[in-house]
Every structure is written in structure tokens, then in C-alpha cells.
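*Asks:* sequence unknown, structure follows:
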Ligand SMILES: Cc1cc2nc3c(=O)[nH]c(=O)nc-3n(C[C@H](O)[C@H](O)[C@H](O)COP(=O)(O)O)c2cc1C
């Protein structure tokens, strides 16, 4: 999956698509739906290169989903509550991603992964992928048992050798535990990003998020924006966001993604043991 920024340049799109095409494996691209509400051109540009999957999340997806379907491309949407699920069904989204509040990065801070997943699988029409807080073989076994077709995992790969994240971000993630994440809009407000208020982000708690825990009287502040931009460019983890979910507790030393996958594939043994135990 390629994660598209709100306004990707033509050069960036070409660079990304050239890379995935060199892999000769199916690939997809994820968009922040709010960015496509006013301008569908990033989606149209990517469709020229023939992705297998387009993910549309966090906003009104109706027009974007229609354009992707017109091009014969499968769509997926991260849903975070019952209303999102209804909208995804109404827009004929092909794959429902039940993404609970435990997840890293942007999303809703509403339903937890398991209740949301059970609601989504009960519709018995579209395949459901589970996301949010899954970081182990046992976690994957749990969501597959609850009817998911697959697990969608972000945080567990933060320390992957292939991840382009700065070493400071990787070591902050490696040293964090279950209680070290926070759901906040502080980082988006500081950067003056146009995320809707219902889509904050889960990140590691740091000096900045502690200082700005109360956002009730927030005013845009250009000096703060500059400070945040600089902190991000220098990967200063006391100020800049390190997006991570509750599965950050399972992030270990840097290792190739294939090794992480091998560990996660232990879900087969977990399911086998459970079947024998509860038969
Ligand atoms: C560092 C980071 C960056 C992310 N970037 C995106 C993104 O660009 N687009 C998107 O739709 N979701 C993004 N997500 C959210 C993931 O798609 C997914 O919902 C989440 O990682 C699942 O929960 P988990 O982090 O507990 O595995 C990101 C998550 C993380 C941790």
C-alpha cells in the first residue's frame, strides 16, 4: 500500500508507482477521503497506473468510490463506528476495514476493534478486515475467530528495517508500552492541518501532548506551527508526533518486515491449539 499525502505531486506519484511496479506484486493506494472531497485528481492520477485496491477513509467517499469502481478497481474503507459502516455499505465499498480506537495514526476514538468487528461481520455481505491494536499471532487469531478475513496492521511494523521512519521514532516506539499512547488533535492543530475534529490521531504521549492536553481554548499559532515543523524535520520525539497505537507494546528491535510476518503467521498454530482445547 502507498499512503498518499493530501496533495501528492505528479513526481511523487510517478516515483511511488515506479517502485511498486518494480515489485511485480499487486499494490494499492490509500487516501484521506477528506482531501479527495474537493479534488479527485490524485485518485485519477493513481488509477492511470492500475492499482488493485484503493483505500478511502476519513471523510465522504461517495464520489471517489464511484470513480474507482468506474475504473474497475476494488475499494476499501476504514470504518470507526456504526454510521461509517452504514455509509460504506451505501457506497458499495468492496472491503470493510473495521478500525477500532486502539489503532495508531488518524481515525475515530469511538468503538473498540472487537465490538466494531463483530458488528461489521454480522452484515454477512462484504468481507471484513480487522484493524487497530493487533500486534501478535494471538491478536490475529482473535480477529479471524471473530469473522475477519484478514488483519490490517500498522503499528507493529514501526520498527521494520524497511520503514523509512527516523531512528528516533523507531527507538521511541520500541521503548513504549501499553499505557504510553494518547488520542489527540494537538499535533494536527499545531500544524494547522484540515483534519475534521472527529478524526484525531493516536500517537505516543510526549512533552507536547502533555502540555496541550486541554484544547478547549486553542488558537492557531504560527510560531507553534514552525516549532512543530522543525521538530518533525529533526525527528524530535518530545515535540513531534510519533503515530502509534496500543500495539506499540509489541514493537521490538529493528528487524526485517518478513521476520515480523513470520512471527505473526504463528496465528495458524494458535488457532490449531484453540480448536484442540475447546473441541
Ligand atoms: C505511522 C502510521 C501512519 C499511518 N498512516 C496512514 C495513512 O496514511 N492512511 C491511512 O488510511 N491510515 C494510516 N494509518 C492507520 C492504519 O491504516 C491503520 O488504521 C492502523 O495502523 C491500524 O492499527 P494499528 O496501528 O494498531 O495496527 C497509519 C498508522 C500509523 C501507525
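*Replies:* Received it, and whenever you're ready, just let me know what you need. None of the values given here were measured: they were computed from a predicted structure.

*Asks:* What parts of the stretch 51-200 of the chain come near the ligand?
*Replies:* 55, 57, 78, 99, 102-105, 107, 131-134, 152-156 (Cβ under 6 Å from any ligand atom). All C-beta atoms are positioned from the backbone trio N, CA, C, and that covers glycine.

*Asks:* the strands in the stretch 51-200 of the chain, which residues?
*Replies:* Along the stretch 51-200 of the chain, the stretches classed as strands by DSSP state E, counting those that start in this stretch are 53-57, 74-79, 95-99, 105-107, 128-131, 150-152, 181-184, 200-204.

*Asks:* Quick one: list the elements packing against the second one.
*Replies:* When you say that, I think you mean strand 74-79. Strand 74-79 sits against strand 53-57, helix 62-70, helix 82-90, strand 95-99, with contacts defined as 3 or more Cβ pairs under 8 Å, 6 or more residues apart in numbering; DSSP states H and E.

*Asks:* Identify all contacting residues around it.
*Replies:* Outside strand 74-79, the residues that touch it by Cβ atoms under 8 Å, 6 or more residues apart in numbering are 28, 33, 52-58, 61, 65, 68-69, 84-85, 87-88, 91, 93-99, 107, 116, 120, 129, 131, 152.

*Asks:* Is residue 215 in contact with residue 185, as I believe?
*Replies:* Yes. Counting by Cβ atoms under 8 Å, residue 185 is a contact partner of residue 215 at 6.1 Å.

*Asks:* Look at these two and report which has more neighbours.
*Replies:* Between residue 215 and residue 185, residue 185 has the larger neighbour count (other Cβ atoms under 10 Å), namely 20 against 12.

*Asks:* Spatially, what comes nearest to that one if we skip its sequence neighbours?
*Replies:* The shortest distance from residue 185 to any non-neighbouring residue, by Cβ to Cβ, 6 or more residues apart in numbering, is to residue 200 (4.3 Å).

*Asks:* related to what we said a few turns ago, just say which of the helices and strands packed on strand 74-79 is most tucked in.
*Replies:* Compared across the helices and strands packed on strand 74-79, strand 95-99 shows the largest average neighbour count, a mean of 26 (mean count of other Cβ atoms under 10 Å).

*Asks:* How about stretch 14-30 and the ligand, touching?
*Replies:* Yes. Under the criterion of Cβ under 6 Å from any ligand atom, the ligand is reached by stretch 14-30 at residue 30.

*Asks:* Only the buried residues of that stretch, if you could.
*Replies:* By 16 or more other Cβ atoms under 10 Å, the buried positions in stretch 14-30 come out as 16, 17, 20, 27, 28, 29, 30.
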